[in-house]
Structure formats: structure tokens, C-alpha cells
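J.: This is a predicted model, with the sequence first.
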Amino acid sequence: MGLFSKEKKENLDKGLQKTKENVFKKLSRAVAGKTSVDDSVLDELEEVLISSDVGVDTTIRIIKRIEARVSKDKYLGTSELNNILKEEISSMLEENISSGNGDFTIPSGNKPYVIMVVGVNGVGKTTTIAKLAHQFKNKGYKVVLGAADTFRAAAVEQLQIWADRAGVDIVKQGMGSDPASVAFDTLSSAKSHDMDVVIIDTAGRLHNKINLMNELSKIRKVMDKVVEGAPHEVLLILDGSTGQNAFEQAKQFTMATEVNALAITKLDGTAKGGVVIGISDQFSIPVKYIGIGEGLDDLQAFNREEFVDSLFS
């Protein structure tokens, strides 16, 4: 499994259990009494995937790929359907650059490596930032957080608590401060203290999309002045348990700023884990991280093959 340890795979299997049970129960009904993958099985499979929040467009793509396999290999039986699904979905995700780098290393040549985190309130943004910081710290990187969500009184306090738990530095100002000013201070501090990774939190919601777009644009411009090319990563956090709502959030935020990485959280508490496949396919943005529990260690770097294997094995 390369970089994917046995313990990580077991945690992933456990975290995706609800989705797996949901998919398998429906798949078993779809192929009951069938000896071959025919049109009726494909129709049932289409329904299974859509009801698992894979999304209509992505489901149609998967079905077309399986139809092509069935027409080429005339005698495919229903017993082989799981393997076909794994192969075709994994292949499709690879085409859409949807797999992360397999661990929590940062690219060489960018120091500090700056991550701007975006997403609506309630998706697990603050805890994901803490988990990221914890993972980077465990890799030996020096990490600093920037509390640029200054619109909510609790946001800065929550980030401070999680920074303490993760054992990393934080730069903050008072509620109502200019978020771009916080970002400026954080990057300036990171440079002067030779930090490796900067993670900037941003407001989860502003009154409207124009305000959100303007705010994120302003933060980006300020960061680029302090560290050329920053932010190197704009990470959108999505709550996997919200299913189709996560698609809508992805649409809004990709319109508001140049998102180039995704983290899907709360997959352990939902049967809607198929949303990972649909979002990564539809937006052609890499899913870099998935959240499968509450603990600091329960954020995994997304591995395409292992994820698909956990869903369909």
C-alpha cells in the first residue's frame, strides 16, 4: 500500500462504514437473482449511486464506463460488479487529478507554504485547520495559524483552543479587525520566525457573494505582497454529511475564489460518502484530505485507490 499503512486503512474502513453498508445493501438488492450485468442491473446501479450522493452527472459517467466494459467483455457476471466499479471509479478520479499526494508533506520551494482555508460555518473548518496543523507538526514542520475569521466572536477563541491542543503558534487580533490585516501579520511573523507552514482561517459567511468575493480577494492580494505567490493553496472545506448541499457550496466558493484543493469532513457519521466521488469529478479539483473522526489524527490525506477500495470491498 505504499504510504498507506495498515492502521490508516483500518481507520478509513471504519470511518466509511455507514456509506459502505448503505451502498452494499442497495447493490445486493440490485443484483439479487441476476447472473449477468444487464440493463436492469445498470438501472438499479444508477439509482444506488445517485441515492448515495455521487451526483447525477458523475453517475451517468460511471454507468457509461461500465456499459462499455460490459459490451466489450460479454460474459461479465454480477459477482464481478464490485471490481468493475472500483476500477472504473478509481480510473475516473485519476483522470480528474482527484488524489492528493498521499501524505502531509509540503512542496519544496515555497517557504512558508501558505494555505488559505475557506468554507461556510459549521462544516468543521476550525477543527480541520487544527488537524492539519497537528499533522504538519508531526512531520517536523513549524506551523503558525492566522485567525482571520474576525466576524464571529467565537471563531478566534475556538481557533486559539485548537492551536493550544495542536501545540502550534497563532496570530490573532480582536473581533471586527480587518481580516487582511491579520493575514499580513501572520505571514510577516512566519517569515521572521522561519516558519514552514501558514494556515489562514477566513470568515465562513458574509452577507452576500459579492462581499465574500471581495474579502477573499483582498486577503489574497495582501498575502501575495508579503510572500510572493501566496496563498499557494486555497483549501475549501465541505461537510460530506450534507450531500447535495456540499455540491452547492463547492459551486459558490469556486466562483468566489480560486479553490485548488478540497477537504471533505464528517464522513464517519454519514451514509453519503459518495459525495467525495461526485465533487472531485464535477469540479476537477483534487480532494486532498478527508475527515473520518473527531480526533486530531482523524484527518487523512486522500488516497484514491484506498478510498474506492474501502467503499466497494
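T.: Structure received.

J.: how close does Ser280 sit to Ile89?
T.: 10 Å (CB to CB, to the nearest Å). In this view, the C-beta of every residue, glycine as well, is placed from N, C-alpha and C.

J.: With Tyr141 instead?
T.: 33 Å.

J.: more crowded one of those two?
T.: Just comparing Tyr141 and Ile89: by other CB atoms under 10 Å the higher neighbour count belongs to Ile89, 25 against 19.

J.: Find the helix or strand that the more buried one is a member of.
T.: Per DSSP states H and E: Ile89 is located in helix 81-95.

J.: tell me what that helix is packed against?
T.: Helix 81-95 sits against helix 17-31, helix 56-72, helix 275-283, helix 304-312, with contacts defined as 3 or more CB pairs under 8 Å, 6 or more residues apart in numbering; DSSP states H and E.

J.: Over to the closest residue to Glu233 other than its chain neighbours. Which of the three states is it?
T.: Nearest residue to Glu233 in three dimensions, chain neighbours excluded: Ile115, at 4.5 Å (CB to CB, 6 or more residues apart in numbering). Ile115 falls in the strand class when you classify it by DSSP: H, G, I helix; E, B strand; the rest coil.

J.: i'd like the first residue to be 283 from this point on
T.: From this message on, residue numbering opens at 283, which makes the last subject Ile397.

J.: pLDDT weak spots in the protein?
T.: 283-286, 356-358, 378-384, 488-489 (pLDDT under 70).

J.: ranges for the strands of the stretch 433-582 of the chain?
T.: 451-453, 479-483, 515-521, 543-547, 569-573, 581-583 (DSSP state E, counting those that start in this stretch).

J.: and the nearest residue to Gly511 once chain neighbours are set aside, how many neighbours?
T.: Distance criterion CB to CB, 6+ apart; nearest residue to Gly511, sequence neighbours excluded, is Asn392 at 7.0 Å. Residues lying near Asn392 (other CB under 10 Å) number 16.

J.: quick one, phi/psi of Asn392?
T.: Taking degrees, to the nearest 10, you get phi -120, psi 110 for the backbone angles of Asn392.
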